[in-house]
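>>> just coords:
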Ligand code: GLN
């Protein structure tokens with residue numbers, strides 16, 4: 001079972017995409033629900049609002065604990081939350097990705113865009129369509145961060161072992177490679193814990 005953080009933002013699109021892949025998922029709002037899922041999606045939305053709700057629902061430490069053993073796929077606002085440092089003090093960083101990231105760094109809504117990017121994931125290169133919506137920019141890469149894709153020289157997809165972070169929205173273009181990866185990682189964690 002994959003959990004989708006459902007505090008604010010476009011979590012339903014992720015649930016629909018997972019359903020189309022035949023992967024069962026559930027909405028996560030409270031800490032206890034994390035015990036029932038093997039992987040987590042942190043969706044896009046408004047990172048300052050989601051961060052506030054994470055704190056209010058006592059999810060901050062439980063998500064960090066979860067990330068120590070289980071995989072997370074973070075998109076847009078999600079990757080902002082996963083970072084070590086942002087340019088907005090209202091966002092309490094989960095500090096799961098050793099990156100520095102700037103919110104709304106491409107400009108306002110009018111500067112949102114769609115483009116084709118090349119993604120290198122698990123030895124396979126895919127050309128995908130990516131929607132950048134009031135997207136953040138990764139400004140600094142720290143330890144253990146693998147860049148999976150760039151756009152105009154800026155990293156837009158990163159991986160740290162079992163976690164993936166994207167500054168765009170794959171769920172809006174029915175792009176499934178990252179959700180499939182999350183499911184693969186979940187299976188890997190299942191195998192390790194069974195041995
Ligand atoms: N601009 C949003 C933020 O900074 C992120 C946008 C998104 O998730 N599409 O939180």
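Good, I have the coordinates. Predicted model, so just to flag it, every value in this text is computed and none were measured.
>>> what parts of the chain come near the ligand?
Within the chain, the residues that sit near the ligand (Cβ under 6 Å from any ligand atom) are 44-47, 76-77, 80, 103-104, 133-134, 136. To be clear about C-beta, it is placed using only N, CA and C from the backbone, and glycine gets the same treatment.
>>> among the residues you listed, name the buried ones.
44-47, 76-77, 80, 103-104, 133-134, 136 (16 or more other Cβ atoms under 10 Å).
>>> export those as TSV, with columns for secondary structure.
As requested, those are exported to TSV (DSSP: H, G, I helix; E, B strand; the rest coil):
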residue	secondary structure
44	coil
45	coil
46	coil
47	helix
76	coil
77	helix
80	helix
103	coil
104	coil
133	coil
134	coil
136	coil
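>>> looking at those, spot the one nearest residue 9.
residue 45 (2.0 Å; Cβ to Cβ).
>>> okay, buried residues for stretch 175-187 please.
Along stretch 175-187, these residues count as buried under the neighbour rule (16+ other Cβ under 10 Å): 175-179, 181-183, 185-186.
>>> which residues touch stretch 30-40?
Under the criterion Cβ atoms under 8 Å, 6 or more residues apart in numbering, residues 1-5, 26-28, 57-59, 62-63, 66, 70-73, 182-183, 185-186, 189-190 lie in contact with stretch 30-40.
>>> meant to ask about stretch 9-18, not that
For stretch 9-18, contacts defined as Cβ under 8 Å, 6+ apart pick out 2, 4-5, 24-25, 27, 41, 43-46, 50, 75, 77, 169-172, 174, 176, 179.
>>> give me the subset of the residues you listed that lies in helices.
Among the contacts of stretch 9-18, the residues falling in helices (DSSP state H) are 50, 77, 179.
>>> let me see the ranges of the helices in the chain.
For the chain, the helices defined by DSSP H cover 11-20, 47-56, 60-69, 77-82, 177-194.
>>> tell me which of these sits most buried.
Ranked by mean neighbour count, the helices of the chain are led by helix 77-82 with a mean of 29 (mean count of other Cβ atoms under 10 Å).
>>> separation between residue 154 and residue 174?
24 Å (Cβ to Cβ, to the nearest Å).
>>> and these two? Which one has more around it.
The residue with more neighbours, out of residue 154 and residue 174, is residue 154; 15 against 11, by other Cβ atoms under 10 Å.
>>> for the nearest residue to the more buried one once chain neighbours are set aside, what are its contacts?
Closest residue in space to residue 154, ignoring its immediate chain neighbours: residue 137 at 5.8 Å, by Cβ to Cβ, 6 or more residues apart in numbering. For residue 137, the contacting residues are 101-102, 105-106, 154, 167, by Cβ under 8 Å, 6+ apart.
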